[in-house]
Every structure is written in structure tokens, then in C-alpha cells.
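Engineer: Everything below, folded, please.
(one chain, ligands or ions: 2)
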Amino acid sequence: MAFEPHDREPLGTVEEHLHRVLEGIEPLPAFEQPLIDSLGLPVCRQITSPMDVPSFDNSSMDGYAVRREDLAGASEDSPVQLPVVGESAAGQSKILGMSGGSAVRIMTGAPLPQGADAVVPVEWTDAGSASVRIRRQPDAGQHVRRRGDDIAEGELLMEEGALLGPRQVGLLAGVGMARVATRPRPRVVVISTGAELREPGGRLSHDTIYDSNSFMLAAAVRQAGAIAYRVGIVSDDPTEFADALSDQLVRADAVITSGGVSKGAYDVVKEVLSQTGTVWFGGLRMQPGKPQGFGHVGEDRVPIFTLPGNPVSSYVSFQVFVLPALRKMMGRTPVSRPRVRLRIDEGFRSPAGREQYVRARVRPAPDGGSTVSPVGGHGSHLLGDLSASDALVVVPADTEVVEAGSTVDVLLLDQDF
Ligand SMILES: Nc1nc2c(c(=O)[nH]1)N[C@H]1C(S)=C(S)[C@@H](COP(=O)(O)OP(=O)(O)OC[C@H]3O[C@@H](n4cnc5c(N)ncnc54)[C@H](O)[C@@H]3O)O[C@H]1N2
Ligand code: MOO
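Structural biologist: Ligands and ions are numbered 1, 2, ... in the order given. Coordinates of the predicted model:
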């Protein structure tokens with residue numbers, strides 16, 4: 001194994017690489033999925049209601065179904081007494097109709113008998129069983145939920161592309177839809193490479209470390225709404241890596257690797273995938289996250305992201321390149337995390353020539369808005385500082401000084417969009 005001493009190509013930009021990635025990603029084909037599995041996904045076509053909701057007139061109170069005209073003059077001092085001719089309970093109603101001068105005991109959600117035009121709550125009565133004394137005349141239609149008054153058949157429920165949250169899942173269930181057309185969640189295989197890596201929970205020796213990247217990336221995949229398959233650690237042996245990758249391709253809509261893409265003598269990912277001719281490798285004017293690779297592997301041309309091994313580099317690369325790709329696969333827009341503009345309360349110098357993604361924390365400002373403060377050092381190994389951050393400040397490549405009090409571009413890492 002030899003070092004690779006020279007940069008063969010000039011560094012590209014973040015924008016160029018994001019373009020390369022998005023050009024190489026197709027939205028997954030939509031299909032009818034079980035309703036609950038669609039949570040967090042956009043619907044792929046406009047949805048109109050197949051039915052009226054409620055689908056029958058029913059009571060909104062426990063009480064008595066009556067004809068309003070039978071209760072003219074009812075009062076505290078002179079209640080009107082009506083015979084109770086039956087009962088209508090939700091889901092077990094046998095009463096279809098009633099004649100004038102009678103009442104039907106009725107429960108919330110039970111069908112209103114034909115002939116009734118209002119419901120009297122039990123609190124207005126003596127709660128009688130064979131007959132009931134009623135102390136108040138209801139308004140016409142009072143406590144009756146009319147067929148279709150919530151949703152009418154044919155009504156637009158969701159525009160194409162609208163997101164299914166818990167309320168929308170409930171809405172579609174409420175109109176009887178067991179399935180809904182969405183793009184599926186991408187199945188994403190996450191592989192860590194490196195002879196120095198060990199599984200958390202195991203023992204370390206003097207030159208080994210715990211694999212944090214595959215856990216962090218798998219968690220980030222899941223948070224993006226996709227399905228993560230975390231594969232065990234693969235060492236720096238090319239055959240082992242090639243075999244592990246080809247074993248995984250059958251279940252992958254995308255693959256993410258971490259490590260093995262820079263200039264070391266054992267950069268296995270680059271070594272194996274360079275030979276395929278279908279994966280681009282290069283450096284970007286970006287820090288962290290300079291060494292990157294993206295392309296397609298296997299017969300099905302599965303997209304593969306080869307992220308740098310330093311934990312912060314890996315995470316920032318996920319945010320900037322992988323997250324937009326996964327969102328494109330699911331049909332979610334916008335694909336990239338929106339940048340917000342915030343005032344930074346501490347200045348710093350920024351190395352020229354590379355777009356910086358600076359770990360930061362957003363805090364409430366005395367004026368009621370928010371400010372952002374840098375967190376910790378620049379090292380790409382500083383997992384502690386990464387975890388203490390909830391934002392990245394994006395500093396353009398040509399900016400060398402960020403002044404305290406200036407306004408900067410910020411990615412809010414924990415915010416859904
Ligand atoms: N001569 C040069 N050396 C390096 C360059 C360069 O341009 N010239 N680039 C540096 C930059 S920038 C980065 S980023 C890293 C990327 O290297 P690799 O992607 O090849 O990653 P590794 O060498 O395998 O590991 C780097 C670093 O990260 C640790 N690591 C790796 N995987 C994990 C993991 N799953 N969990 C936790 N930590 C991990 C690994 O032990 C190394 O310390 O290259 C620089 N070098
Ligand atoms: O780009 Mo490396 O990702 O700076 O540490």
C-alpha cells in the first residue's frame with residue numbers, strides 16, 4: 001500500500017458536488033403504502049374524500065332524540081313528559097325511526113332515528129327509562145351532527161405533495177383509506193470502514209476507537225425519514241469491503257460509507273470503488289468534508305456516498321449532500337436544509353479558500369430573536385463539540401474574518417423542514 005501524494009484535480013465547490021449528487025438521484029417510484037407507514041412522507045397525488053363524514057346524522061350528546069315541536073313550552077316548572085320507545089347506542093343501534101310524541105334514549109355518536117330533529121342532553125331531563133321528563137326545548141338540529149358536515153364526498157383533502165403528519169393520517173383513516181400513494185422510505189445501508197474501529201460495548205486496545213460514525217449516520221438517516229441498515233465495521237481489506245458491499249446491495253436504495261477516501265495508504269473505499277469507474281472521487285473547497293465520493297454501484301446502479309471518516313466531516317457531509325438526496329428520493333421539498341440569517345455574538349477568523357461549516361449553538365437574544373455562537377474548535381474529530389452544537393454557521397470560502405455582531409448563514413440542525 002502506497003501513499004497517494006498529489007492532488008490530481010483542483011478542488012470542486014460544494015454547489016458543484018450537490019448538483020452532481022442530485023443529478024444522480026431519482027425519486028423512488030410511488031406505490032400504495034399502508035397508511036401508518038406513510039407518516040412524514042408527501043402524498044403523490046391529490047386526494048379527495050371518497051365519502052361523507054359523518055356518514056349518517058348522529059348525536060353529539062348522551063341524552064334523548066326528540067322532535068323539537070313536541071317540547072314547546074317545556075320549562076323547569078312545567079317539564080314535558082314523553083314515552084321512551086327505544087335506545088340508540090353507538091355501533092349497536094337498532095332504532096331506525098320514531099313517531100311524534102316520543103323520545104329515544106341516545107348516546108354520543110349513535111345514529112339519530114328518522115323522525116327526530118334534535119337531541120336533548122340528559123342533564124335537561126330526569127334521566128327516565130320508560131318515560132322522560134324534559135325541562136327545556138332544544139333548538140332545531142341542536143346536538144345533531146349532520147351527515148357530511150365535517151367532510152363532504154368529493155371534497156379536496158390533500159394537495160399533491162402535501163406532507164402526511166399525524167393529523168392527515170387520521171384524516172385519511174377517517175375517510176376509510178387503508179393505503180395511500182407515497183414514495184417509499186429509502187433503505188439506506190451504512191458501512192463504517194477502518195481497521196481501528198470497534199463496536200461500542202467491546203474492549204479497546206491502545207490503537208483502537210469506537211465506531212461512532214455508523215451510529216450517527218444511521219440515526220441521521222432515520223431522522224430524515226428513511227430506513228437505516230447499519231452494517232458492522234468493515235476493516236481496511238479490499239476484498240472484505242467489496243464482499244460486504246455486494247452482499248448489501250440487494251436491500252439498498254442507497255449506500256453510505258464512512259472513512260477510507262483520503263490519501264492514506266489504506267483508503268479501502270477509494271481503492272475498491274475507483275476500479276468500478278462509476279464512482280467519482282475528489283476534493284471539495286469545504287471544511288470539514290473535503291474528501292468526497294459519489295456514484296453508483298452494482299447492476300441496479302445503487303447510489304453510493306463515500307463520506308470522509310472524521311466524525312464531524314462525516315456528519316456535515318451527510319447534512320449537505322446525503323440529506324438532500326434522501327429527500328429527493330422521497331419526493332420531499334425543499335431538498336436542502338434552508339439557511340436562516342442570524343446575528344453571531346462572537347467573531348472568529350476563517351481559513352481562506354474553503355467554505356466553512358462551523359459548529360454553533362443558537363440562543364435566545366435579549367430582543368426576543370435569536371443569536372448564534374460558535375462552539376469549540378475547528379478539528380474534524382471533535383465529537384463532543386458537535387454534540388454540544390445545534391447549528392452550523394456557513395462561512396463562504398472567500399471570507400477570512402467573521403465579525404462579532406454580523407449576520408451569518410445558519411443551518412438549524414434539529415429543525416424539520
Ligand atoms: N495527507 C492528507 N491527509 C489527510 C487529508 C489530506 O487531504 N491529505 N485529508 C484529511 C481530511 S480533511 C479528512 S476529513 C480525513 C478523511 O479521511 P478518510 O475519509 O480516509 O478517513 P479515515 O482516514 O478512515 O479516518 C479519518 C479519521 O476519522 C476516524 N474515523 C474513521 N471512521 C470512524 C468511525 N466510524 N467512527 C469514529 N471515527 C472514525 C479515523 O480513526 C481517523 O482519525 O483525512 C485527513 N487526512
Ligand atoms: O475535510 Mo476534513 O473533513 O477537514 O476533516
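
Engineer: going forward, measure contacts between C-alpha atoms and count neighbours the same way
Structural biologist: Noted.

Engineer: which stretches of the stretch 51-200 of the chain form helices?
Structural biologist: 166-174 (DSSP state H, counting those that start in this stretch).

Engineer: Next up, the contacts around the residue in it that ligand 1 sits nearest to.
Structural biologist: Relative to ligand 1, the nearest point of the stretch 51-200 of the chain is residue 192 (4.8 Å; CA to the nearest ligand atom). By CA atoms under 8 Å, 6 or more residues apart in numbering, residue 192 lies in contact with 211, 213-214, 231-234, 257-259.

Engineer: 6 Å instead, please
Structural biologist: By CA atoms under 6 Å, 6 or more residues apart in numbering, the residues touching residue 192 are 214, 233, 257-258.

Engineer: Likewise for residue 350?
Structural biologist: Contacts of residue 350 (CA under 6 Å, 6+ apart): 400-401.

Engineer: Quick check: the gap between it and residue 303.
Structural biologist: 33 Å (CA to CA, to the nearest Å).

Engineer: So what's the residue count around residue 276?
Structural biologist: The number of residues packed near residue 276 is 13, by other CA atoms under 10 Å.

Engineer: residues in the protein within reach of ligand 1, list them.
Structural biologist: When proximity is defined as CA under 6 Å from any ligand atom, the chain approaches ligand 1 at 192, 194, 211-214, 258-263, 267, 289-290, 308-311, 313.

Engineer: Just give me the neighbour total for residue 155.
Structural biologist: Neighbour count of residue 155, defined by other CA under 10 Å: 13.

Engineer: quick one, what contacts residue 60?
Structural biologist: 108, 143-144.

Engineer: Buried ones in stretch 62-77, by neighbour count?
Structural biologist: Across stretch 62-77, burial judged by 16 or more other CA atoms under 10 Å covers 62-68, 70-71, 74.

Engineer: repeat for stretch 166-174
Structural biologist: Within stretch 166-174, the residues scored as buried using 16+ other CA under 10 Å are 168-169, 171-172.

Engineer: So which of the contacts of residue 192 are in helices?
Structural biologist: residue 214 (DSSP state H).

Engineer: Out of the contacts of residue 192, flag the one nearest to ligand 2.
Structural biologist: Using CA to the nearest ligand atom, residue 258 is the member of those that sits closest to ligand 2, with 11.2 Å.

Engineer: I'd guessed the closest one sits against residue 311; true?
Structural biologist: No - contact criterion CA atoms under 6 Å: residue 258 and residue 311 do not qualify, at 8.7 Å.

Engineer: Adjacent strands (with direction) for whichever helix or strand residue 356 is part of?
Structural biologist: Assigned by DSSP states H and E, residue 356 belongs to strand 355-364. Paired strands of strand 355-364, with direction, are strand 286-287 (parallel), strand 370-374 (antiparallel), strand 391-395 (antiparallel) (DSSP bridges).
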